[in-house]
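Trainee: could you look at this predicted model? Sequence included:
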Amino acid sequence: MRIIVTGATGFLGRAVVEAAQRRGHDVLAIGGKNTLYLSEPVRFLQMDLCDDVKLQSLILEEFPQAVINCAGLTKVNDCESNKELAAELNEHLPKRLAQLCFHVGGKLIHFSTDMVFDGKSGKYGHTDQPRPLNTYAATKAAGEVAVLNYGREHSAVVRTSVLNGNSFTGQFSLHERLFHEWASGKVSSLFTDEIRQPVSFSNLADVAVELCERTTLNGVYHWAGLDALSRYSIGQKIAEHFGLNSEKLIKPVTRENVTDDPLRPRNLSFLLHPLAGKLRTPAQTFIDQLGELRVPRGCEDWYEKETGRKVVRLLQKSLDY
């Protein structure tokens, strides 16, 4: 298939490009100002996705059979401080892509978030009604509606959770941020009453590409890991996996003890039915995901001193972007 991947220099976008290449597809990777380094060469184009004219010209020229949209403004605080850009990237861009994909007969895979829910109940199913609490969630929920309005019969919206894995900067994912805190001498305060369902970005990428290949799977779906865990439990398991003392490095806290932030949902656990029963790609346990993690760049010396274990250092180019 001819597949366009937007947001290709991001944490998830890069994994999607690699997954699509691995499955033998012809990929055009679209990124912003950053360069995309991959082990296998790929067609790469830097462009402003907010430019309607250029985006339309690109889609009409390429005539893709599928577009996987990994672009967006994903940080909650950034969306609150720049609501116009959040609406442009999280709502209007998916709408334009859905319209263009409909025009060329291509399928659109669009990623959304567990944060479209208010977190009051947990175990959310794909048919549950979104109740966003912040600008990020509201714009992502609006993006879902736009995609389905213009492409319900040939689009798949995938709501997902906290991304887990090794980023190219070594500072993006949860375990990497924790490592950098620990290496700087900080104790991480993690919530015992905030529930998430981490997913490996490589696993999620495989799901996205498989959805391109499965023309009958359209609509809204949920995909995450199999285990719903508190932030504190996630941190404990990460520390213990790497042979670190979690009691020394992590402090359990609750929302009430720190701040009752109405913009942050509590329990965002997912039900993965029906998608989990329709795909060849299996959902992973958190233990499976831990096996993919490595000590992030910049923390090797601290880790070796702390544990006495040697760390294989990766080449800088393989992680830079």
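Mentor: Here it is on my side, so go on.
Trainee: domains in the protein, as residue ranges please.
Mentor: The record assigns the chain these domain ranges, following automatic domain parsing: 2-162+199-222, 174-195+229-266+291-318.
Trainee: so which of those comes closest to residue 274?
Mentor: domain 2-162+199-222 (7.5 Å; C-beta to C-beta). All C-beta atoms are positioned from the backbone trio N, CA, C, and that covers glycine.
Trainee: need the pLDDT of residue 40.
Mentor: According to the predicted model, the pLDDT of residue 40 comes to 77.
Trainee: strands of the stretch 201-321 of the chain, start to end?
Mentor: In the stretch 201-321 of the chain, strands defined by DSSP state E, counting those that start in this stretch lie at 219-222, 229-230, 250-253, listed in chain order.
Trainee: show the average pLDDT along the second one.
Mentor: Translated: strand 229-230. Rounded to a whole number, the mean pLDDT of strand 229-230 is 98.
Trainee: that strand packs against which elements?
Mentor: With contacts taken as 3 or more C-beta pairs under 8 Å, 6 or more residues apart in numbering; DSSP states H and E, strand 229-230 sits against strand 195-196.
Trainee: indicate which one of the domains of the chain is closest to residue 284.
Mentor: Of all the domains of the chain, it is domain 2-162+199-222 that lies closest to residue 284, at 5.3 Å by C-beta to C-beta.
Trainee: could you tell me the end-to-end distance of that closest one?
Mentor: Between the opening and closing residues of domain 2-162+199-222 there is a gap of 25 Å (C-alpha to C-alpha, to the nearest Å).
Trainee: of all the strands of the stretch 201-321 of the chain, which lies closest to residue 125?
Mentor: Nearest to residue 125 among those is strand 219-222 (7.3 Å), distances taken as C-beta to C-beta.
Trainee: average pLDDT across the closest one?
Mentor: The average pLDDT within strand 219-222 is 97.
Trainee: could you do stretch 71-86 as well?
Mentor: 95.
Trainee: buried sites along it?
Mentor: Neighbour-count burial for stretch 71-86 flags 71, 72, 73, 74, 76, 79, 86 (criterion: 16 or more other C-beta atoms under 10 Å).
Trainee: now do the first one against residue 147, distance only.
Mentor: As for residue 71, its distance to residue 147 is 13 Å (criterion: C-beta to C-beta, to the nearest Å).
Trainee: may I ask which two of the buried residues of stretch 71-86 are separated the most?
Mentor: Farthest apart among the buried residues of stretch 71-86 by C-beta to C-beta are 71 and 76. That separation is 17.1 Å.
Trainee: show me which residues of the helix or strand hosting residue 182 are buried.
Mentor: Secondary structure from DSSP states H and E places residue 182 in helix 174-183. Using 16+ other C-beta under 10 Å as the burial criterion, the residues of helix 174-183 that qualify are 174, 175, 176, 178, 179, 180, 181, 182, 183.
Trainee: which helix runs longest in the chain?
Mentor: Among the segments of the chain that qualify as a helix by DSSP state H, the longest is helix 135-151.
Trainee: packing partners of the next helix or strand after that helix?
Mentor: Once the chain leaves helix 135-151, the next helix or strand it forms, by DSSP H and E, is strand 155-160. For strand 155-160, the elements it packs on are strand 107-113, helix 135-151, helix 201-213, strand 219-222, judged by 3+ C-beta pairs under 8 Å, 6+ apart.
Trainee: most packed of the ones you listed?
Mentor: Comparing the helices and strands packed on strand 155-160 by mean neighbour count (mean count of other C-beta atoms under 10 Å), strand 107-113 comes out on top with a mean of 26.
Trainee: list the helices and strands that one packs on?
Mentor: Packed against strand 107-113 by the contact rule (3+ C-beta pairs under 8 Å, 6+ apart) you find strand 66-69, helix 93-104, helix 135-151, strand 155-160, helix 201-213.
Trainee: paired strands for that strand, with orientation please.
Mentor: Strand 107-113 has the following strand partners under DSSP bridges: strand 66-69 (parallel), strand 155-160 (parallel).
Trainee: just the C-alpha atoms of that strand, please, in CSV.
Mentor: What follows is strand 107-113, C-alpha atoms only, in CSV (Å, rounded to 0.1, in the frame of the first residue of the first chain):
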residue,chain,number,x,y,z
LYS,A,107,-8.4,5.1,4.6
LEU,A,108,-7.6,7.4,7.5
ILE,A,109,-6.2,6.1,10.8
HIS,A,110,-6.4,8.9,13.4
PHE,A,111,-5.1,8.7,17.0
SER,A,112,-7.1,10.1,19.9
THR,A,113,-6.7,9.8,23.6
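Trainee: what's in contact with that strand?
Mentor: Among residues not part of strand 107-113, those counted as contacts by C-beta atoms under 8 Å, 6 or more residues apart in numbering are 12, 65-70, 72, 74, 94, 97-98, 101, 136-137, 140-141, 143-144, 147, 151, 154-161, 208, 211-212, 215, 218, 220.
Trainee: and the helices and strands packed on strand 107-113 as JSON lines, adding distance to residue 27?
Mentor: As requested, the helices and strands packed on strand 107-113 are exported to JSON lines (distance: least, C-beta to C-beta, whole Å):
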{"stretch": "strand 66-69", "distance to residue 27": "9"}
{"stretch": "helix 93-104", "distance to residue 27": "16"}
{"stretch": "helix 135-151", "distance to residue 27": "21"}
{"stretch": "strand 155-160", "distance to residue 27": "18"}
{"stretch": "helix 201-213", "distance to residue 27": "10"}
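Trainee: right, I'll call it a day here.
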